[in-house]
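> sequence unknown, structure follows:
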């Protein structure tokens, strides 16, 4: 179905009690917007709001200063209710230059607040942003509230004692701005101050200069005469279950999930990867975790990375490899080798906009077809998808569990949004995580590498170095009985059936599909997978509050599908499947269950907005009446 | 310990399926015979191969074996060795597998100096796909895909291996069991990536391509056997030698004795001299004899050693604690 242009949210900063706010920090890619955003996030988490964040940065590392394609942004949505997306429309836009203003203005609500560095609105920068007139002076921003401050000048004055030089001094602009936004929302600066000190242990003068910029920004808010209606906003604290919380991105959660899996399975992990956006951060994070049972290997290419992981699995470690779509395509032959030789392998796909190089820094869910079927031969593997940044932790453990227990490749689907988005996480109790220690094959009489578990159909895992278990495996079809090369027609049929049955059997070992919001039957269910969770959840929640009979089902297990999914979906009159692709899950549902289902498809490199999905839900109900 | 093991212990129950007369049989026999002599535990031997005739090798070795995908054996073997450095890892590959589809991995496994043995069976042809020219085929090779003669310029495996940073490079001949056995043994004893090119006859698609260096009647005139510290002398009568022209930095073949040159002026083989190794690697007939033996050897730390060392040092400083990790950085309490 068509994507409907949503109406921007109607909440205003004038309300007596502001329940939630979206702030977007935007500037040049060298302006430090990501650092500003993460510091504000930290302070917001410590304040006690629920929150969700999403960085939105360009593919260019350092685009020419002032260029529209070089704008780097960080968006945070925070409030007193459960927050599951980075927010639809912007309430407060921080624009460090004209390019940042022009590229983000369309998403600002009427009456929204713009904070700009007027010092950066030079003729040169205006031209780069294709402004023919200065928008700060021509009345074109009249429907917003504009706080136009010469931040550059304030900063240069604030850091003068540190003698940094003009260029380095201006780099502290982001901290001055952060100070001001922290004042606006009553945030505590101490975590940022401590963080700066820690970040520059060998350059205390840089830390001090940044702090010297942060504090006057805050003081400016307190003392300057601001336009009417701009004051400190108190956002209610969120009502969340008790526990210890931290803020975490999907990438970090996924990496820590793998670390946890190695402990729970009592096995070493070799994480072999090749740098690619937006998957590289996983390699970086795990490269810092070698004090656990983790080793990392930056291979010469995607294929070598997958091959090294399979080699490690053959040798008795758990091989894990990771990439984004184009790299996963290169790994396809190796994944099939692992499926054929029945070795465990976890493949993390942090999806990005495709095809080909596509949109490297933007998010998409268009690799589901490839995950499910993108291999030569009849090669089923298990496929799991994480739904939220914090969900990545659990799904990583689950991927490792299935790979080991079923001696199979498992593809774990993440995406550019999940990888970089962050949200508060109630830290789980390590002791309560279920353990699944690996059992390698022990020497037995008449050992054959084809021996398998009668229930799971998983092949045995004999570890090289074990006396008496010497054996050969390979990509040529193997005899069901002996594991030796076999070209027998009946054997190939049997092995093909076996490979399918083994993956299908995993359905008995995963939870039944549950409805995560709403009733188990009804007029409409919205079915999601992956990072669309947050937007679907909010949309369904709001529509239910409006009295619509709509439920939300979020599918984590995409291969095999939960064994009750067909029956569950059959209990709804209508099925709506929002995806950031042209309709890959919806086609699977239609094919698997012969059920009518509508797709809602957005392929813009941007995550769904809550409004996108609400509009589609309403359209489904409008259609039902007509 | 496996001291009582014999050649039979290293043979599998699988029927060997190479063509009759294939040089691979001789190589297999030599390796099966050598392994018991090495005194290493059989269960620690892992043979990893890619795709091609040579890559069937692991199926015939009663050790751990992994027949993988085309060109990728060095990458798989790297993973095996990283996961368990105690294992003795062997890569068996061919000229197509190792230098065409898998050229990239060959380059990087050598550059990283991963401690394993690479046996490259070079028959200068694609066998398993029925006789197309390979990246080592001489220019002009007529094959199903080059009926008018190939126009690809070939590469010299040992030269490429040296350029990639290999720390052990040797060349031998399939049917010269003693020479081959010695080269493979020394490759095993070498710590680091050891590259052994084995000139191997394909009786079906490229028969006799190495006849000049293999035929007992003429081989002594067409190959020079390298020995560390010994002058480069060859010929049926040991009447020829190799000299370096100091002016042009080119090698030349000289006659010895009588009116000819004196042995004292000949090049003396030095396995630690990379420049010399490069000169010797590229020698070819009819002007020069083909050099066989250990061309080059150097001791250098390898990737796996350094990886283990780094990991040990990190873990000795700070053993990972999952609970601590999850609680690291900024956390807050909700009551």
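Alright, I've got the coordinates. What you are looking at is a predicted structure, and each value in this text was computed from that prediction instead of being measured.

> Quick one: residues contacting residue A:102.
A:68, A:129, A:130, A:131, A:135 (Cβ atoms under 8 Å, 6 or more residues apart in numbering or on different chains). In short, each C-beta sits where N, CA and C put it, glycine included.

> mind running it again at 6 Å?
For residue A:102, the contacting residues are residue A:129, by Cβ atoms under 6 Å, 6 or more residues apart in numbering or on different chains.

> Could you give the average pLDDT over the host helix or strand of it?
Counting by DSSP states H and E, the element that carries residue A:102 is helix A:98-104. Across helix A:98-104, the average pLDDT comes to 96.

> Helix or strand next in line after that helix, which one?
Criterion used, DSSP H and E; the element after helix A:98-104 is strand A:108-117.

> Could I get the buried residue list for the following helix or strand past that following strand?
Following strand A:108-117 in sequence order, the next helix or strand is helix A:123-128 (DSSP H and E). By neighbour count on 16 or more other Cβ atoms under 10 Å in any protein chain shown, the buried set for helix A:123-128 is A:125, A:126, A:128.

> ok, now stretch A:519-530?
By 16+ other Cβ under 10 Å, the buried positions in stretch A:519-530 come out as A:522, A:524, A:525, A:526, A:527, A:528, A:529, A:530.

> hmm, who's touching the helix or strand containing the fourth one?
Assignment of secondary structure by DSSP H and E places residue A:526 within strand A:522-528. Contacts of strand A:522-528 from elsewhere in the structure, counted by Cβ under 6 Å, 6+ apart, are A:536, A:540, A:549-554, A:572-577, A:620.

> And what about residue A:219, helix, strand or coil?
Secondary structure, DSSP: H, G, I helix; E, B strand; the rest coil: residue A:219 is helix.

> Kindly report the same for residue A:244.
strand.

> So which residues of chain B form helices?
B:23-38, B:73-83, B:95-96, B:103-111, B:157-163, B:177-189, B:211-214, B:216-222, B:274-281, B:303-317, B:322-326 (DSSP state H).

> burial count for residue A:485?
By other Cβ atoms under 10 Å in any protein chain shown, 17 other residues sit near residue A:485.

> For residue B:215, see how far away the nearest residue to it once chain neighbours are set aside is.
Distances taken as Cβ to Cβ, 6 or more residues apart in numbering or on different chains place residue A:476 nearest to residue A:485, at 4.9 Å, with adjacent residues excluded. Distance, residue A:476 to residue B:215, by Cβ to Cβ, to the nearest Å: 35 Å.

> again, but for residue B:204
Taken as Cβ to Cβ, the span from residue B:204 to residue B:215 is 19 Å.

> Next to chain A, which bits of the stretch 201-335 of chain B? Give me the list.
Contacts of the stretch 201-335 of chain B with chain A, taken as Cβ under 6 Å from any Cβ of the partner chain, map to B:311, B:314-315, B:318, B:320, B:322-323, B:326, B:330-335.

> switch to 8 Å and redo it
By the rule Cβ under 8 Å from any Cβ of the partner chain, the part of the stretch 201-335 of chain B lying against chain A is B:307, B:310-311, B:314-315, B:317-320, B:322-323, B:325-327, B:329-335.

> tally of neighbours for the residue of the stretch 451-600 of chain A found nearest chain B?
Going by Cβ to the nearest Cβ, chain B is nearest to residue A:474 of the stretch 451-600 of chain A, at 2.7 Å. Residues lying near residue A:474 (other Cβ under 10 Å) number 23.

> Next up, the contacts around the closest residue to residue B:323 other than its chain neighbours.
Nearest non-adjacent residue to residue B:323, counting by Cβ to Cβ, 6+ apart: residue A:430, 4.5 Å away. By Cβ under 8 Å, 6+ apart, the residues touching residue A:430 are A:260, B:322, B:323, B:326.

> where along the stretch 451-600 of chain A do the helices fall?
A:489-505, A:533-545, A:565-570, A:584-593 (DSSP state H, counting those that start in this stretch).

> Read off the pLDDT value for the nearest residue to residue B:330 once chain neighbours are set aside.
Nearest residue to residue B:330 in three dimensions, chain neighbours excluded: residue A:42, at 5.6 Å (Cβ to Cβ, 6+ apart). Note on residue A:42: pLDDT of 90.

> Equivalent analysis for residue A:7, please.
40.

> Taking the stretch 151-300 of chain B, what residue is nearest to chain A?
In the stretch 151-300 of chain B, the residue that lies nearest chain A is residue B:164 (11.4 Å; Cβ to the nearest Cβ).

> Was I right to think that residue contacts residue B:107?
Yes. If you go by Cβ atoms under 8 Å, residue B:164 and residue B:107 touch, sitting 4.7 Å apart.

> Can you pull the residues of the stretch 151-300 of chain A lying near chain B?
A:191, A:240-247, A:256, A:259-260, A:263, A:268, A:270, A:272, A:289-293, A:295, A:297, A:299-300.

> Buried members of those into ChimeraX, please.
One line in ChimeraX is enough to select the buried ones among those; burial here means 16+ other Cβ under 10 Å:
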select /A:191,245,246,247,256,259,260,263,268,270,272,289,290,291,292,293,295,297,299,300
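
> Mind checking which of the residues of the stretch 151-300 of chain A next to chain B land in helices?
Per DSSP H, the subset of those in helices is A:191, A:256, A:259, A:260, A:263.

> State the distance from the third one to residue A:396.
Taking Cβ to Cβ as the criterion, residue A:259 is separated from residue A:396 by 9 Å.

> now swap in the second one and tell me
Using Cβ to Cβ, one gets 8 Å for the distance from residue A:256 to residue A:396.

> Next: the last one.
From residue A:263 across to residue A:396, the span is 12 Å (Cβ to Cβ).

> per-residue confidence for residue 196?
The chain I'm using is chain A. For residue A:196, the model assigns a pLDDT of 92.

> um, chain B though
Looking at residue B:196, its pLDDT reads 98.

> how about it, what does it touch?
Neighbours of residue B:196 in contact, by Cβ under 8 Å, 6+ apart: B:117, B:118, B:119, B:120, B:170, B:171, B:172, B:183, B:184, B:187.

> Wait, a strand at residue A:283?
No. Counting by three-state DSSP, residue A:283 falls outside a strand, being helix.

> what about it, neighbour count?
If you count neighbours by other Cβ under 10 Å, residue A:283 ends up with 22.

> what about residue B:39, how many neighbours?
Using other Cβ under 10 Å: residue B:39 sits among 10 other residues.

> could you say which helix or strand contains the residue positioned nearest the centre of chain A?
Taking Cα atoms, centre = their mean as the criterion, residue A:418 is the residue nearest the geometric centre of chain A, at 0.6 Å. Counting by DSSP H and E, the element that carries residue A:418 is helix A:416-420.

> what's the answer for residue A:411, then?
Element membership for residue A:411, per DSSP H and E: strand A:409-415.

> among the contacts of strand A:522-528, which are in strands?
Members of the contacts of strand A:522-528 lying in strands (criterion: DSSP state E): A:550, A:551, A:552, A:553, A:554, A:572, A:573, A:574, A:575, A:576, A:577.

> beta partners for the fourth one?
Right, residue A:553. residue A:515, residue A:527 (DSSP bridges).

> Tell me, how many residues neighbour residue 155?
Since no chain was named, I'll use chain A. Residues near residue A:155, counting by other Cβ under 10 Å: 26.

> um, chain B though
Counted with other Cβ under 10 Å, residues neighbouring residue B:155 total 16.

> All the strands of the stretch 151-300 of chain B, residue numbers only.
For the stretch 151-300 of chain B, strands defined by DSSP state E, counting those that start in this stretch occupy the ranges B:168-173, B:194-199, B:223-225, B:233-234, B:240-245, B:250-255, B:290-297.
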